[in-house]
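Quick one, what's the 3D model for this:
(chains A, B and C)
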Amino acid sequence: MAVKDYLRQRFFPQIWCPGCGHGIVMANMIRAIERLRLKKDEIVVVSGIGCSSRMPGYLDFHTLHTLHGRALAFATGAKMSHPKLTVIVPMGDGDALAIGGNHFIHAARRNMDLTAIIMNNSIYGMTGGQSSPMTPFGKKATTATSGTIDHAFDFVGLARGAGASFVARTTTYHAKEMIKIIAKAIKHKGFAVVEVMSQCPTYYGRKNKLGSAVDMMKRFKEGTALIGSKKKAKHPDLIERGIFVDEERPEYSTSYLELIERLGNSTTY
Amino acid sequence: MRADVRFMQGNEAIVEGALYAGLHFYAGYPITPSTEITEILSERLPGTGGKFIQMEDEIASMCAIIGASLTGFKVMTATSGPGFSLMQEAIGYAVMTEVPSVVVNVQRGGPGTGLPTSVAQGDVMQARWGTHGDHSIIGLTASSVQDAFLMTVEAFNLAETFRTPVILLFDELVGHMREKVVIPQPGEIEVVERLRTSVPQGTNYHPYLVREDGRLPISDFGGVHRYNVTGLVHDMWGFPSSDPKVAYDLIHHLVDKLEHRADTIAHYKEYFTEDAEVLLISYGSSARSALHMVEDRRKRGVKVGLLELQSLWPFPGETVRKKCEGRSHVLVVEMNMGQIYQEVKKAVSKPEKVFLANRFDGVFISPADILRLLNVIQGKGV
Amino acid sequence: MNTKRIVFSGSGGQGVITAAIILAEAAVIYEGLNAVQTQSYGPEARGGATKADVVISEEPIHYPKVIHPHILVCLTQKAYNNFSGIIHPGGLLLTDSHYVKQERKVDARRVELGMYRAVMDKIGKPIAFNICMLGAMTRLTGLVRAESIMEVLETKIPVDFLEINKRALEIGLQLAETHQ
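Numbering: from 1, shown residues only, chains lettered A, B, ... in the order given. Predicted coordinates for the structure are as follows:
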């Protein structure tokens, strides 16, 4: 099937600004799903609030557009009550790590089989360019006009420390790598998080004089390097891409089904 | 058939009622005085093939049950005051997306952390208006352990029928009190199952196209109809819309489906009301003290009666108006500063005849407390 | 049977609430009576005292709390000091002689029994002290039959502790018998 066969074209055009990275993520997520040959009826896509969270509406799966920061909590309920479903959770950096930070670390700790795709554009786009927990120190936003004095999260360290059993990072520039990583993340049995560095030329780019969308994507190319690559060894300041964590650990809904099994069916009603 | 007579706590009866009604998924977070519900379900649910999860907070608990409900199962969460405050945003989401769900609030003293172990009924208005925006909601209560069971079953039935969150507004006394309960046999009381769409695969299913009778047949996530659910104002496809006509119709539908049926779906009990000159109106554990006082006065020939409300929301205003007609006085008995008292005053034709007997200091209101007020309004002095 | 209101008071860990639940359950399940059991936290249970209320009646019970008990059991001096004044005139005040010295005059039948001592002497552990008290109280009042209490114990107490509890109940029954 083509990418468009997974879209609800009735609801186009989509709301994203020209040059936004989120469309690239959506297309590559679809390609990953196609590569895994998953059935549309078995996929639930759950999102919160923000630019990236508008994605599910355009997708021909079971789609749930929820509350700001709470997507993982809704997804937890859906997955646990119906473990056969493949549950994918596209989120923004503010959605996942500020208002949803508590749900994020607990979802990672539980290791329920959810795939969180965090589109990190370092800014709150939908509300007009405020700083987020992923805005780098010193960068500008409408709530940090002289540059933020907040420190950004170390995303990989946070996810790993909280117990995520699959942690990866890629960018909108690295399309083929993104498909491969998202496919692996979905296949992974446990809580998988993928950070996709995504460009917001409208707010983050403009506020910080980073140029066009193309310029911003070039920065992703130049400013990142594969884990363990020669490029990284030569330039230690580059942001690493690739799979940081890929471990097998008991998966929550499976452990629960085993508990039900152990107790036997002693239903009274 | 031998009656299944048991002796248990209100919180245990809520669990029994939920299981009787077919609860499959429960998410919760411990908080006094509702914790027993969470503890007991953690033990009971896996044994019935159901699912229990302790979430990181009450926000997550409410969100998780909505996610689970959409996959086709009956769901519940339970909490108390502060946790109920945290759930409000997600309760509004369930209202907007019309997801069947049951929320138990075993009330305690507030505001803030308040009086965690004390009895109170101060969340009546929060149950009605806690979440933002125009909406309607169902709120039920009970004054005995038996009724806590029955109202819990009813909460699931109404949640499924009207696709709405239903608030079970119990209080600490009913939650912790132990007394006799007769557990009905399976099939003895009605259990409403979810109304699913008959639209076949391959035919357009409109998840939010309201049927003529006001109902919305559902398709489960994981089924053959793939559709969108959003907390934004949405069209019949479940897709966000800012069309004023779409918004107008949706808000009207959400409010009317319950408010137009306020009196037909209302549950209430009457004691000595036929010839009562003074009518007491009460609910929850307060109604027990009210009834004690009424029976005591009747023995002395005083014509008092009691209307015990079990449905608080939507408020059965027409029923209350009729029941108050021709009484010399109406005395509302509750453990807050007059939350239902104000509703009664709005409903009746002579609001100046409505009085309030209340406590809000964490102490269970006694028959003597109520009698003092009765004496005052009957001109007998304090 | 007229409505009987009972208050059990003591300190945490003495099994006061458990005793109240067992009594009420025995009345409901094995005697066909109505019973309501509540407990107080906070201001009503002043100074860490535990207080459990039981109302037993042939009639439906509405007000579930006890203001003036017909039967008051106090298992600590503090509980006695706090609650002895609330007893219904002509009621029964039962205390344990190891824990409580009855110092005040109250308009009630006052019974002091060495329940704690007897349990320690014959069982060696204070774990079933509350059941011994329940035995003594039921014999003194005839509220419910001892067999009914026994039936509840069999459904509630883990098998390993059942024998100890049955003995404690017997000890209580005998203490009350001797007293009468």
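
I'd like to check which residues are in contact with the residue in chain A that chain B sits nearest to.
Among residues of chain A, the one nearest chain B by CB to the nearest CB turns out to be A:Gly77. It sits 3.1 Å away. From N, CA and C alone the C-beta is placed, and that goes for glycine too. When the contact criterion is CB atoms under 8 Å, 6 or more residues apart in numbering or on different chains, the partners of A:Gly77 are B:25, B:27, B:53, B:63-69, B:75.

so it is in which element?
Applying DSSP states H and E as the criterion places A:Gly77 in helix A:71-81.

Using PDB, list the CA coordinates for that helix.
Output in PDB follows, covering the C-alpha atoms of helix A:71-81 (Å, rounded to 0.1, in the frame of the first residue of the first chain):
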ATOM      1  CA  ALA A  71      -1.700  10.400  26.000                       C
ATOM      2  CA  LEU A  72       0.400   7.700  27.700                       C
ATOM      3  CA  ALA A  73      -2.200   7.300  30.500                       C
ATOM      4  CA  PHE A  74      -5.000   6.800  28.000                       C
ATOM      5  CA  ALA A  75      -2.800   4.500  26.000                       C
ATOM      6  CA  THR A  76      -2.000   2.500  29.100                       C
ATOM      7  CA  GLY A  77      -5.700   1.800  29.700                       C
ATOM      8  CA  ALA A  78      -6.300   0.800  26.000                       C
ATOM      9  CA  LYS A  79      -3.300  -1.500  25.800                       C
ATOM     10  CA  MET A  80      -3.900  -3.200  29.200                       C
ATOM     11  CA  SER A  81      -7.600  -3.800  28.600                       C
END
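
just how off-centre is it within its chain?
16 Å (CA atoms, centre = their mean, to the nearest Å).

likewise stretch C:104-111?
With CA atoms, centre = their mean as the basis, the mean position of stretch C:104-111 lies at 16 Å from the chain mean.

Give me the residues contacting it.
Defining contact as CB under 8 Å, 6+ apart, one finds that stretch C:104-111 is touched by C:72, C:84-85, C:87-95, C:102, C:140, C:176, C:179.

ok, now with 10 Å
The contact list for stretch C:104-111, computed with CB atoms under 10 Å, 6 or more residues apart in numbering or on different chains, reads C:69-73, C:80-81, C:84-95, C:97, C:102, C:136-137, C:140, C:175-176, C:179-180.

confidence score at B:Trp129?
B:Trp129 is assigned a predicted lDDT (pLDDT) of 98.

measure it to chain C for me?
Distance of B:Trp129 to chain C, computed by CB to the nearest CB, to the nearest Å: 29 Å.

and if you look at B:Gln342?
Between B:Gln342 and chain C the distance is 26 Å, computed by CB to the nearest CB.

List the ones among the contacts of stretch C:104-111 that fall in helices.
Of the positions in those, C:80-81, C:136-137, C:140, C:175-176, C:179 sit in helices, assigned by DSSP state H.

out of those, who's nearest chain B?
With CB to the nearest CB as the yardstick, the closest approach to chain B among the ones in helices among the contacts of stretch C:104-111 comes from C:Met137, at 18.2 Å.

per-residue confidence at the nearest residue to C:Pro89 once chain neighbours are set aside?
Take C:Pro89 and drop its neighbours on the chain: the residue closest to it by CB to CB, 6 or more residues apart in numbering or on different chains is C:Asp107, 4.4 Å away. For C:Asp107, the model assigns a pLDDT of 93.

how many neighbours does C:Asp107 have?
Other residues near C:Asp107 come to 10 when the count uses other CB atoms under 10 Å in any protein chain shown.

Angles on the backbone of the residue most central in space within chain A, please.
With distances taken as CA atoms, centre = their mean, chain A has A:Ile117 as the residue nearest its mean C-alpha position (1.6 Å). A:Ile117 adopts backbone torsions of phi -110, psi 110, taken as degrees, to the nearest 10.

contacting residues for it?
Taking CB under 10 Å, 6+ apart as the definition of contact, the neighbours of A:Ile117 are A:25-26, A:28-29, A:32, A:45, A:47, A:52, A:55, A:88-91, A:96, A:168, A:170, A:178, A:181-182, A:185-186, A:192-196.

and what of A:Lys189?
Under the criterion of CB under 10 Å, 6+ apart, the neighbours of A:Lys189 are A:111, A:113, A:165-166, A:248-251, A:254.

same thing but 8 Å
Neighbour list for A:Lys189: A:113, A:248, A:251, A:254 [criterion: CB under 8 Å, 6+ apart].

That one and A:Lys79, how far apart?
When CB to CB, to the nearest Å is applied, the distance between A:Lys189 and A:Lys79 equals 12 Å.

Which single residue in the stretch 101-250 of chain A comes nearest to chain C?
A:Asn102 (30.0 Å).

Is it correct that that residue falls within a helix?
Yes: counting by DSSP: H, G, I helix; E, B strand; the rest coil, A:Asn102 is located in a helix.

Number of residues surrounding B:Thr48?
Counted by other CB under 10 Å, the residues lying close to B:Thr48 total 19.

Provide the backbone phi and psi angles at it.
For B:Thr48, the backbone dihedrals are phi -100, psi 10 (criterion: degrees, to the nearest 10).

That one against B:Leu19, yeah?
Yes: B:Thr48 sits in contact with B:Leu19 when judged by CB atoms under 8 Å, with a separation of 6.5 Å.

Contact partners for residue 22?
All of this is about chain A. Contact partners of A:His22, counting by CB under 8 Å, 6+ apart, are A:16, A:51-52, A:55, A:119, A:121, A:198.

not quite, I wanted chain B
A:269, B:74, B:156, B:191, B:193.

Please apply the same query to B:Ala290.
Contacts here follow CB under 8 Å, 6+ apart; on that basis B:Ala290 touches B:280, B:282, B:306, B:308, B:333, B:367, B:370.

With respect to chain A, which of those residues is nearest?
Nearest to chain A among the contacts of B:Ala290: B:Glu308, at 28.1 Å, using CB to the nearest CB.

What count of nearby residues applies to whichever residue of the stretch 51-200 of chain B sits closest to chain C?
For the stretch 51-200 of chain B, the nearest residue to chain C under the criterion CB to the nearest CB is B:Thr117, separated by 3.8 Å. Other residues near B:Thr117 come to 17 when the count uses other CB under 10 Å.

Check whether it sits in a helix, strand or coil.
Each residue gets one of three states, and B:Thr117 gets coil by three-state DSSP.

Stretch A:16-31: how far from the chain's middle?
Its chain's C-alpha centre and that of stretch A:16-31 lie 12 Å apart, by CA atoms, centre = their mean.

typo on my end, it should be stretch B:316-330
Using CA atoms, centre = their mean, the distance between the centre of stretch B:316-330 and that of its chain works out at 22 Å.

CA atoms of that stretch as CSV?
Output of stretch B:316-330 as CSV, limited to C-alpha atoms (Å, rounded to 0.1, in the frame of the first residue of the first chain):
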residue,chain,number,x,y,z
PRO,B,316,-34.8,16.1,39.6
GLY,B,317,-36.2,19.6,40.0
GLU,B,318,-39.8,18.7,38.8
THR,B,319,-40.0,15.8,41.2
VAL,B,320,-38.8,18.0,44.1
ARG,B,321,-41.2,20.8,43.2
LYS,B,322,-44.2,18.4,43.2
LYS,B,323,-43.2,16.7,46.4
CYS,B,324,-42.8,20.1,48.2
GLU,B,325,-46.1,21.4,47.0
GLY,B,326,-48.5,22.1,50.0
ARG,B,327,-46.0,21.6,52.8
SER,B,328,-45.7,24.2,55.5
HIS,B,329,-41.9,24.0,55.5
VAL,B,330,-39.1,22.1,53.7
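
What average pLDDT does that stretch get?
In this model, stretch B:316-330 has an average pLDDT of 98.

any idea where the strands of chain C begin and end?
Using DSSP state E, the strands assigned to chain C run over residues C:4-11, C:34-40, C:49-57, C:71-74, C:91-96, C:108-113.
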